[in-house]
Structures are given as C-alpha cells and as structure tokens.
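Visitor: kindly return the folded structure for what I paste below:
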Amino acid sequence: MTVFAFLKSRPLFWLSVTGTAVGGACFVKDLMQGGQFTKNTDETCKIVIVTGSNTGIGKETVRELARRGATVYMACRDMEKCEEARQEIVLETQNKYVYCRQCDLASMDSIRNFVAAFKREQKKLDILINNAGVMRCPRSLTKDGFEMQIGVNHLGHFLLTNLMLDLLKKSRPSRIVVVSSLAHTRGEINIGDLNSELSYDEGKAYSQSKLANVLFTQELAKRLDGTGVTVNALHPGIVDTELFRHMGFFTNFFAGLFVKPLFWPFVKTPKSGAQTSLYVALDPELASVSGKYFSDCQITEAAPAAQDVTIAKWLWAVSEKWTRSEVIDINKDSISSSDGKDSNSSSKTT
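Guide: Numbering: from 1, shown residues only. A predicted model of the protein is given here:
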C-alpha cells in the first residue's frame, strides 16, 4: 500500500481535503487577529465608563478591565442585555464592581440623566471609552431629530464627553478613547447636508460619522492640551459583531450558509477587536500621547480628511450648538475662510 493509496478512497480523500481547508482557515484566522495588548496592568483604583458594552467589542473591553480590577460602568441602551452581560462578567472575573447604567446615545436627555446619576455616585473618572455605534442602518432619527448614525456615533459621544470633562480633568492623568473605523478614510463631512435631510446613503452616512469621530478627537486633543487628559481614536479592525445586523447581505439565510464561512477566517473575534481599545486606554507608554489614530495597537496615519483643521473646527461648532439646544429648530452655521467671510453652510431641521 503506497502513501497515496487513500486517494483511491473518495470519502477519505474529501475528508483529507476538508481537514486541510479547515486547518488553513484556522491558521489564517489566527494571523488576522492583529495586535494584542499583553502588558499586565493593575487597574484596581481606576473608574471607567464604556458605552455600548453589552455585546461585541464593548463587552470584551469591560471583561478585560474587570479582570484587571477596574470599577466599570456599562453605559447601555438595553438594560436587560446589559444586566445579562454584567452578571456573566462578574461571575467570570470575580469583580463585583461592574455596574449597568442606562444611557441611550440616541437621546440627549438620556445622556444628561446618565451623567447626572454618575456624578452623584462618583467624584472621579479615569477613562471614558466611547465604543457604542450603529452601522449602515436604514434612515431613522434620534429622539432629538438627528440622523441616527451621526446622532449616535458622533453627537451622542460628543455630548457625553463634554459633560464628563470636569471629572476627567479632576482625575488627571485620565484618558478618552474614541472607537472610530477605517471607514473614516471613505468619509466626507457634508457641510451642506450634515443631517442627511436632502439625501441619504447609509454607507456614506456611516463613513461621515466615523470621520466625525476622528475630527472630534483631533480638535478635542488641542483643547485639552496641558490639562493632563488625553484623547485618541482607533480602528478596531473588521470584527464579527452585531454591528453588521443592518446589512441584509450578511444576515439572510444564503449569506449565513455560504458567505459567512468564507469571510470567517478574515475577521477578528470581539476579544481581538477590543485589544486596541485596551492598549490606548491602559498602556503606560501612552500616558502623554494625544490626538493620534491607532490600529492594531500601533499609531497609524489618519486619512487627510481627518486632519482638516477648518472642518474640525466647524464640526465642533455645529456639534456644540446642536447638542446644547433644548428646542432644536433650523440652525445655520458657517465655515469661516481666512478673511473671516462665510464660505459654506449647513442646516439641521426637525
């Protein structure tokens, strides 16, 4: 019997092919997990907020923070799912200082209520991780009339961060982590229709919101210079999470049966997706690093559009006005050119 005799047996041949394919897929899967944060740090005295943390990257971020001893607040919209995740994490890590608190980033009132309640409980905040997000959803509005993706991904976190700045400054050195995406490289801030009222494309709206995350990070870093508070943005990688739930191609029966297995080797697990968030939040060597963009646990160059100082300032001014308005009506804001004249405008209506 020769060494290739098994080829004469069709079942054995296909079993061998299948085994080789599975082994190869697992090898590729390991390679695609990207950078890992492996430093041992003790976060026992740290108080951390993680938004959108009942599933996916956020949940794994909380799990690791709890394992390292941090007091973690899970700021989530769905309290039932949040509590299930919290109990799982507490049992696994034996850290009882993990709390669920309601914070719906699609509601300015909910954000303000969360902040007020947090400040009644805590007098410091060491790390704020702006993790929550929605992706490529059908056009819908937040409770305050904002297009959902710019509203949740950018404006909700813009308001939350600004309301927490006093505690972050008191707790210095402290850190703000903004989870953006590689999609920001395809983004463009639509200064004539920031709220997607004239037209809507879910992909463009998502990329715009992720670009807004990086622009916000750049502008905030300048404003926080010298305060002892750092802020950095990051791309977590392509991660297998519920973020794809609005993309019908990935959720139908055919895709689940045939397409997803083909993509499986090339996407990160939620645990691997959380590594850059943990690196930016915890690595001692980044204590004074601010205004940077990270991917796979290393500094990466952000897209040129994310470094546009004029757009960043304009977006900040518009975001500040929209999130502070109690009654939202038609607002008109402009980018000022070098001679001080208005060059562009954007409006938002409800």
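
Visitor: OK, contacts around V62?
Guide: Taking C-beta atoms under 8 Å, 6 or more residues apart in numbering as the contact definition, V62 lies against V50, S53, V72, M74, A85, I89, V98. No exception for glycine: its C-beta is placed from N, CA and C like everyone else's.

Visitor: need the pLDDT of it.
Guide: The model reports V62 with a pLDDT of 98.

Visitor: from T38, how far out is P138?
Guide: 40 Å (C-beta to C-beta, to the nearest Å).

Visitor: on that earlier part again, give me the buried subset of the contacts of V62.
Guide: V50, S53, V72, M74, A85, I89, V98 (16 or more other C-beta atoms under 10 Å).

Visitor: restricted to strands, list those.
Guide: V50, V72, M74, V98 (DSSP state E).

Visitor: turn those residues into TSV, columns for pLDDT.
Guide: Output for these, formatted as TSV (pLDDT from 0 to 100):
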residue	pLDDT
V50	98
V72	98
M74	98
V98	98
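
Visitor: now flag whichever of the residues you listed is closest to D308.
Guide: V50 (29.1 Å; C-beta to C-beta).

Visitor: what's the spacing between that closest one and C103?
Guide: In this structure, V50 and C103 are 10 Å apart, going by C-beta to C-beta.

Visitor: quick one: common contacting residues for the two?
Guide: A75.

Visitor: let me know the pLDDT of the closest residue to D78 other than its chain neighbours.
Guide: Nearest residue to D78 in three dimensions, chain neighbours excluded: N54, at 6.1 Å (C-beta to C-beta, 6 or more residues apart in numbering). If you check N54, the pLDDT there is 96.

Visitor: could you report the distance from N54 to N131?
Guide: For N54, the distance to N131 (C-beta to C-beta) stands at 11 Å.

Visitor: now Y200
Guide: The spacing between Y200 and N131, counted by C-beta to C-beta, is 25 Å.

Visitor: so those two - more neighbours on which side?
Guide: N131 (24 against 15; other C-beta atoms under 10 Å).

Visitor: you'd agree that one is up against E60?
Guide: No: at 10.1 Å, N131 does not count as touching E60 under the criterion of C-beta atoms under 8 Å.
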